[in-house]
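# following is a predicted model, sequence given first.
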Amino acid sequence: MVTRADPQGRPTGLARLSARASALCGSVQAAASDLLEGFRRSDRFFRMRLGIVGAWAVLSLATLWGTCGLGGNGNSLGADVQVNRDSIMGVQILVRNESRDIWEDVTLTLDDGWKYNQRTMRPQDLVVLPMSHFKKGEEAPPADHEPHSLTVECGRGSGRFDLR
């Protein structure tokens with residue numbers, strides 16, 4: 001391997017970077033071995049306290065991950081679908097576009113083919129629909145119909161949601 005040097009005789013470029021990286025690696029390895037040796041020499045109570053703090057940190061991170069998730073709302077379409085059964089207007093279906101994309105040619109299909117069409121839904125748009133807006137031909141669902149699932153279809157994709 002040919003090492004280039006500047007006029008003062010110091011290595012340049014890649015050679016200097018490689019030397020710095022190996023020095024950093026050596027210092028990290030030394031610090032890790034010192035830490036491990038200190039842990040080996042520690043008493044039982046220190047190890048127990050360290051275990052408790054470590055368990056607390058793991059449980060805290062697991063709780064944060066579980067409540068916040070990885071971002072997004074868990075479906076590829078980016079839809080938030082809910083059912084409101086306690087409305088004065090009867091059962092209502094709520095659909096929100098939580099994605100950053102505009103949905104075009106949106107079709108909402110309830111259970112056995114009751115459909116509602118909407119031309120577009122912009123990001124963060126919310127549609128609240130009473131059951132009477134869904135149609136199968138010209139017929140609306142019966143007043144006592146309990147919805148179980150909703151399928152959202154648009155140009156961007158589709159998703160099926162259980163209504164609980």
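Structure received.
# any stretches of the protein with poor pLDDT?
1-12, 69-74 (pLDDT under 70).
# please name the nearest non-neighbouring residue to Ser42.
Using CB to CB, 6 or more residues apart in numbering and skipping residues adjacent in sequence, the residue nearest Ser42 is Leu50, 7.9 Å away. From N, CA and C alone the C-beta is placed, and that goes for glycine too.
# that neighbour: what secondary structure?
helix (DSSP: H, G, I helix; E, B strand; the rest coil).
# could you do Asp112 as well?
coil.
# residues in contact with the spatially closest residue to it that is not a sequence neighbour?
Counting by CB to CB, 6+ apart, Asp112 lies nearest to Lys136, which is 7.7 Å off, once chain neighbours are set aside. When contacts are counted by CB atoms under 8 Å, 6 or more residues apart in numbering, Lys136 is found next to 112-115.
# so what pairs up with Lys136 in the strands?
Beta-bridge partners recorded for Lys136 (DSSP bridges): Glu139.
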